[in-house]
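S.K.: what would the 3D arrangement of this be:
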Amino acid sequence: MTVSFAFDWVDAAPSPDMAMGQTMAQLSIQVNGETVTSVRDHGSNARRDHIVVPLLSVAEWVVGNWCHIWYEIPDTTTTRQKPGFEQRHNLAFAGDGFLFPKLTMAPSVDGMEQLRWTPWQPQHARIEFVAAGQDCVACNQLQTELERIVEAVLERLRSFGHRQDTVVSDLLQDPWEAIKALDPDEREFCRAAALLGVDPFAVHQEEADEITTFWERTGPAIREDMLASLDETETTLPEAAMWLDDTGKMLEREDAGSGNEWEAIRHGLPTVQMAKPWGQGYMLAQSLRRALDCGDGRFDFASSGQPAVTCRETAMPSSRMEGLVAAGTPACAITKRREETAKRFLLARALGDYMGRSEAGLGILTSMDTARQGQSRSFAAELLAPAESLHTRLADRGAAEDVIRDLGQEFDVSTWVIEHQISNHGLVEPCPRR
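M.R.: Purely as a prediction, here's the structure:
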């Protein structure tokens, strides 16, 4: 898995912005062999794999959004990204009057960076970006490429005598030196601020103190997922901390009155070692179904002889938060859901969060793309609609829309769960919706 930002400097016509002109380059971006910068020139009807742009714009955008690129987690299950997310992650916003591909860079799980690029036709422009795709690359490799761009731009500007240029220093050189000089505590603060969607280098002292206090007071097991799901347009950090304290205490009371039956079951399950979080979730769900002797049909949370999963519906401090799970049991507080299938899925996720924990403390359910959330979602899908059961039922029927609907009703899950199980396990090809 490789990513490459290949460039060659070009001589540009005189420009009012001397530094921009002096960093003009022919730029070609490739991700695992796919060319992101592929464009069609409508003037000549020719297609080429590079663009000619000032790399100073790229370098300033990279440095200005450095912490967000590596730490700010996207919401992949909804369309509710935090305000300004696109500007912080989409290279097209490097702009400055020049045209860049719509290439989004955002962290994924397992130290990978998710890259996604889409075609677009800039208004009143003679070129059109025609490439589309998505792939994952190692964070450290992308980081090496972006560092190389920044250092090359700085060296280029020095060669033209810009060492004392105030604009270049303020927007590029000084911030870049500050990033490279971060100590461990400062880097931890940058991570926390970026998770929240806040620029760690342009934060007011009061907000910086709130971020630090929240980070230090919140359990290490959930603080990153919690910050990633919070949105300052919906609630303040002190309000979120208060909600967490109050709801956590309520779940403690549920813990105290529910015994430790689930704990005994959890400790009795075989150890699951899978590289991917979703693989861990699938295997864990299969082990639990066998331990509970569930058969191959609908999972019943109220089955006789099986411990209950206590649940309370309550308002959440963020639209991306879906639940909080007790420390000692799967008892949970979940967001209000109209559909019974959605409630069942959240209950299954709470059970999966508890069963799959590697450290003590509260659990959290969100719509974000983190390892913990991916594991609980895959657990819930496999617990409620086992892939092997679906495979047996699909063998002679295919995956037409009415079949998927019938399976959803049989297993008491949404058609979305059935479709994802079919796709993720390669059971059959779903028929297109009419």
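
S.K.: what's the domain layout of the chain?
M.R.: Following the assignment in automatic domain parsing, the chain carries domains at 3-195, 237-384, 390-425.

S.K.: and the strands in the stretch 201-350 of the chain?
M.R.: Listed in chain order, the strands found in the stretch 201-350 of the chain under DSSP state E, counting those that start in this stretch are 311-313, 321-325, 332-334.

S.K.: low-confidence ranges, the stretch 101-250 of the chain, go.
M.R.: 163-167 (pLDDT under 70).

S.K.: pull the contacting residues for residue 113.
M.R.: 69-70, 105-107, 136-139, 142 (CB atoms under 8 Å, 6 or more residues apart in numbering). (Glycine included, C-beta is placed from N, CA and C.)

S.K.: hmm, 7 Å instead?
M.R.: Contacts here follow CB atoms under 7 Å, 6 or more residues apart in numbering; on that basis residue 113 touches 105, 107, 136-137, 139, 142.

S.K.: how about TSV for the strands of the stretch 201-350 of the chain, with mean neighbour count and mean pLDDT added?
M.R.: Below are these laid out as TSV (neighbours: other CB atoms under 10 Å; pLDDT from 0 to 100):
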stretch	mean neighbour count	mean pLDDT
strand 311-313	15	93
strand 321-325	26	96
strand 332-334	26	95
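
S.K.: can you add distance to residue 369 and give those back as JSON lines?
M.R.: Compiled in JSON lines, these are given as follows (distance: least, CB to CB, whole Å):
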{"stretch": "strand 311-313", "distance to residue 369": "25"}
{"stretch": "strand 321-325", "distance to residue 369": "14"}
{"stretch": "strand 332-334", "distance to residue 369": "20"}
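
S.K.: so which of those gets nearest residue 380?
M.R.: strand 321-325 (11.1 Å; CB to CB).

S.K.: what pairs with that closest one, parallel or antiparallel?
M.R.: Within its sheet, strand 321-325 is paired with strand 332-334 (antiparallel), strand 363-366 (antiparallel), according to DSSP bridges.

S.K.: among the contacts of residue 113, which lie within helices?
M.R.: Of these, the ones assigned to helices by DSSP state H are 139, 142.

S.K.: of the contacts of residue 113, closest to residue 220?
M.R.: Proximity of the contacts of residue 113 to residue 220 was ranked by CB to CB; the top entry is residue 107 with 18.3 Å.

S.K.: next up, the contacts around the closest one.
M.R.: Under the criterion of CB under 7 Å, 6+ apart, the contact partners of residue 107 comprise 70-71, 73, 113, 139.

S.K.: list just the nearest of the residues you listed to residue 410.
M.R.: Among the contacts of residue 107, and counting by CB to CB, the member closest to residue 410 is residue 73, at 34.5 Å.

S.K.: do you know how far that closest one is from residue 197?
M.R.: When distances are taken as CB to CB, to the nearest Å, residue 73 and residue 197 turn out to be 10 Å apart.

S.K.: how about residue 113?
M.R.: Distance from residue 113 to residue 197, counting by CB to CB: 18 Å.

S.K.: report the separation between the closest residue to residue 133 other than its chain neighbours and residue 137.
M.R.: Once flanking residues are discounted, residue 133 sits nearest to residue 34: 5.1 Å by CB to CB, 6 or more residues apart in numbering. Here the criterion is CB to CB. By it, residue 34 lies 11 Å from residue 137.

S.K.: same question, residue 22
M.R.: 30 Å.
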